[in-house]
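A.B. asks: Pasting the sequence and the predicted coordinates here, then a few questions.
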Amino acid sequence: MEYVTLNNGVQMPILGYGVYQISDQAECEQCVLDAISVGYRSIDTAQAYRNEEAVGRAIVKSGVPREELFITTKVWISNAGYDKAKASIAESLRKLQLDYLDLVLIHQPFGDYYGTYRALEELYKAGTLKAIGISNFYPDRYIDLVQFSEVVPAVNQVETHVFNQQVQAHEYMKKYNTQIESWGPFAEGKNNLFTNETLLEVGKKYLKSTAQVALRYLIQRGVVVIPKTVNKHRMEENLDVFDFELTVDEMAELAALDTGESAFFSHSDPQVVETLTGYGKQGL
Ligand code: NAP
């Protein structure tokens, strides 16, 4: 496994395992156990995924020493604000059966996220959180938070894949020393990513799949990736990306796939903002 060093010196695996949309508890527990058994050490969950308890059970059952694991969760919008965020992190720790978290992110840039960030900063200073960060903060909100916070976010997790490469956002994160982390490294298969001609062609040379080339490309650009699969063979496939290196020309070919647009939705779209803030207000 390769690691990145976050802005506070914490080491984070450059490749981890994401558990979004694995809502069945038994399935999630088995998936995380499988992932750890094939070599994953970083697990990305969230309060909103409603599977923190399953992740916690798998961590205990795995028998892997706590210090070898890197566990991330995220504070949901309905828990925004200093008091609620703090209480929600205590609840996440309870569900995950942990006494510290390696990384906690603010899931969405909505609600009283400044209050949430103050809670994260406090728990970070107390040592309960080894690193803190944000997710889905586009450059405008990211820069604003950086300018008015004491602790620079260690990580910003944003939609990042070959079709939406976040070139400008990544530049700003480098400027202020925040690690970019990709969610949706396969764009969840949108735009026919798994049969994309360019990814197929590049992969042929190395006997690698489109999925492996898509991950390798992001890793070579210094992006942390957390691919999700419920299939153990694919877990192994997605982890097997450290024995080849794309050339400068291949990197340029893949850079050309960027559309500069989300394959899902924009967090600046008023309708999306209404939906997400609506979830937060209803406690969903
Ligand atoms: P993703 O990893 O881009 O794609 C997952 C999809 O790809 C699944 O349908 C999976 O199917 C398939 N797949 C995985 N490996 C494959 C392979 N080798 N060959 C063919 N198909 C493969 O999507 P994601 O789950 O949305 O993103 C990854 C993680 O990012 C999430 O699990 C979550 O932890 C995080 N995330 C965060 C946010 C946020 O707002 N912060 C949003 C979305 C996601 P099978 O499972 O059937 O194999």
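C.D. replies: Ah, there it is.

A.B. asks: Next secondary structure after the helix or strand hosting residue 74?
C.D. replies: Secondary structure assigned from DSSP states H and E places residue 74 in strand 70-75. Downstream of strand 70-75, the first helix or strand assigned by DSSP H and E is helix 82-96.

A.B. asks: just checking, what packs against that following helix?
C.D. replies: In this structure, helix 82-96 makes packing contacts with helix 52-62, strand 70-75, helix 113-125, judged by 3 or more C-beta pairs under 8 Å, 6 or more residues apart in numbering; DSSP states H and E. In short, each C-beta sits where N, CA and C put it, glycine included.

A.B. asks: Pick the most deeply packed of the ones you listed.
C.D. replies: Of all these, strand 70-75 carries the top mean neighbour count, a mean of 26, counting by mean count of other C-beta atoms under 10 Å.

A.B. asks: ok now it, how far from the chain's centre?
C.D. replies: With C-alpha atoms, centre = their mean, to the nearest Å as the basis, strand 70-75 stands 9 Å off its chain's centre.

A.B. asks: List the contacts of that strand.
C.D. replies: Residues outside strand 70-75 that contact it (C-beta atoms under 8 Å, 6 or more residues apart in numbering): 12-13, 16, 41-48, 52, 55, 59, 85, 88-89, 92, 96, 98, 101-107, 116, 120, 135, 157.

A.B. asks: Give the pairing partners of it; include direction for each.
C.D. replies: Strands adjacent to strand 70-75 in the sheet, as given by DSSP bridges, are strand 42-44 (parallel), strand 103-106 (parallel).

A.B. asks: For the ligand, find the nearest of those.
C.D. replies: strand 42-44 (3.8 Å; C-beta to the nearest ligand atom).

A.B. asks: Which ChimeraX command selects the buried ones in the contacts of strand 70-75?
C.D. replies: The command below creates a ChimeraX selection of those among the contacts of strand 70-75 that count as buried (16 or more other C-beta atoms under 10 Å):
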select :12,13,16,41,42,43,44,45,46,47,48,52,55,59,85,88,89,92,96,98,101,102,103,104,105,106,107,116,120,135,157
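
A.B. asks: Which positions are bridged to whatever residue of the chain ends up closest to the ligand in the beta structure?
C.D. replies: Scanning the chain for proximity to the ligand using C-beta to the nearest ligand atom identifies residue 18 as nearest, at 2.4 Å. Listed beta-bridge partners, residue 18: residue 44 (assigned using DSSP bridges).

A.B. asks: so who does it touch?
C.D. replies: Shown here is residue 18, whose contacts under the criterion C-beta under 8 Å, 6+ apart are 44, 183, 226-228.
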